[in-house]
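Asks: Make a model of this:
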Amino acid sequence: MRIDAEVRFWHRSNTPVRFQETPLLNQDYLPQHLAPHLMEHGFQGCIAMLETELAALSSMQRDTLIASRPILGMVPRLPEQDALALTPQPGVLGYHLPVFTGSTLQLKQLDRLCDLGLPLAVDLARTPIAPLRNLIETKPTLQVILNHSGRPDGDPDEAVAAKDPWPTALRWLQDQPQTAITLSGLIHPGEASHFDDWDLPEAHFKPRLADLLAIFGEDRILFSSNWPLGLMTASFEDTLDLVTALIEALSPSSLAKIMGLNAARCYGISP
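Replies: Have a look, this model is predicted:
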């Protein structure tokens, strides 16, 4: 089973504001554009972090979207005001917070999320470490999936890599088994110009994967292409080739876990 654990979709007319000045991203990125890449490389499907107008779909529209491959389920933004339903909505695998601040409203919503048994996806690059640590330590029953492994301390508006992508401040996550992390951001945008013809040397990235394994282990790392944002650094195929080469050096079982089984477990997807 192969699952892309973090992708986004939007219409060009509703490109997220932060990408409207980036020509590559200011265009249509819809399920039918990603599906051929997933099918060609044996993916069962993807998990969609909802953006802009796609987050406001009706229940019928969501059902239709999921019924058409390749979406296995959706992770909409956690509402700040409206209370979550008492039961999980069809097709919703969890909720997403671009920034966790620890506000009273967010914490109330997360209590409901714990009751629902759904995970929370948090953008690591935007969330301060202190409130994140407080969240994880005070809500041990909440599955937290950290997006964007490459830049945990980076400015979300900067397309450059942090010098130390794995500061000591994150080592405590070793002892938090309810946390997992996606591989999006493994290749930093600032590195794109350093590789001729996009020939990415594995040796350059092995230390980063080693850091991830030391903190999370092979059971808590999820493959994600971060499509279409990842296209700023590499094609879907180049990203997949690099990650596959790095993981294959471990074991076939590690490859199976990171490429899909871990995502299936975290998001409650039946193999």
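Asks: can you give me the helices in this protein?
Replies: 31-40, 59-67, 104-116, 129-138, 202-216, 236-248, 252-256, 262-267 (DSSP state H).
Asks: got the angle for the third one vs helix 129-138?
Replies: Comparing the axes of helix 104-116 and helix 129-138 via axes from the mean of the first three to the mean of the last three C-alpha atoms, to 10 degrees yields an angle of 30 degrees.
Asks: buried ones in stretch 81-97?
Replies: Leu84, Gly91, Val92, Leu93, Gly94, Tyr95, His96, Leu97 (16 or more other C-beta atoms under 10 Å). (C-beta placed from N, C-alpha, C; glycine too.)
Asks: List the contacts of that stretch.
Replies: 47, 49-50, 59, 62-63, 65-66, 72-78, 105-106, 108-109, 112-113, 116-123, 127, 143, 145, 147, 267-269 (C-beta atoms under 8 Å, 6 or more residues apart in numbering).
Asks: Give me the buried subset of these.
Replies: Using 16+ other C-beta under 10 Å, the buried ones in the contacts of stretch 81-97 are 47, 49-50, 62, 65-66, 72-76, 78, 106, 109, 113, 116, 118-123, 127, 143, 145, 147, 267, 269.
Asks: quick one: which of those residues sit in strands?
Replies: Counting by DSSP state E, the buried ones among the contacts of stretch 81-97 place 47, 49-50, 72-75, 120-123, 145, 147 in strands.
Asks: Report the beta-bridge partners for Gln45.
Replies: Check again: residue 45 is Gly, not Gln. Ile3 (DSSP bridges).
Asks: Report the contact partners of Met259.
Replies: Met1, Arg2, Ile3, Phe223, Val243, Thr244, Ile247.
Asks: Distance of the last one relative to Asn134?
Replies: Ile247 sits at a distance of 32 Å from Asn134 (criterion: C-beta to C-beta, to the nearest Å).
Asks: From the neighbour counts alone, determine which of the two ranks first.
Replies: Remark: of Ile247 and Asn134, Ile247 carries more neighbours, 22 against 13, as counted by other C-beta atoms under 10 Å.
Asks: is it true that the more buried one touches Ile258?
Replies: Yes - Ile247 is within contact range of Ile258, at 5.4 Å (criterion: C-beta atoms under 8 Å).
Asks: Run through the chain and note the low-pLDDT ranges.
Replies: Low-confidence segments of the chain (pLDDT under 70): 51-69, 149-169, 189-201.
Asks: try it again with 50
Replies: By pLDDT under 50, the weakly predicted segments of the chain are 152-165.
Asks: Give the closest residue to Thr22 in space, chain neighbours not counted.
Replies: Met232 (7.4 Å; C-beta to C-beta, 6 or more residues apart in numbering).
Asks: What is the neighbour count of that neighbour?
Replies: Neighbours around Met232, by other C-beta under 10 Å: 16.
Asks: Can you lay out the helices of the chain as CSV showing distance to Pro228?
Replies: Below are these laid out as CSV (distance: least, C-beta to C-beta, whole Å):
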stretch, distance to Pro228
helix 31-40, 8
helix 59-67, 17
helix 104-116, 27
helix 129-138, 26
helix 202-216, 21
helix 236-248, 9
helix 252-256, 25
helix 262-267, 19
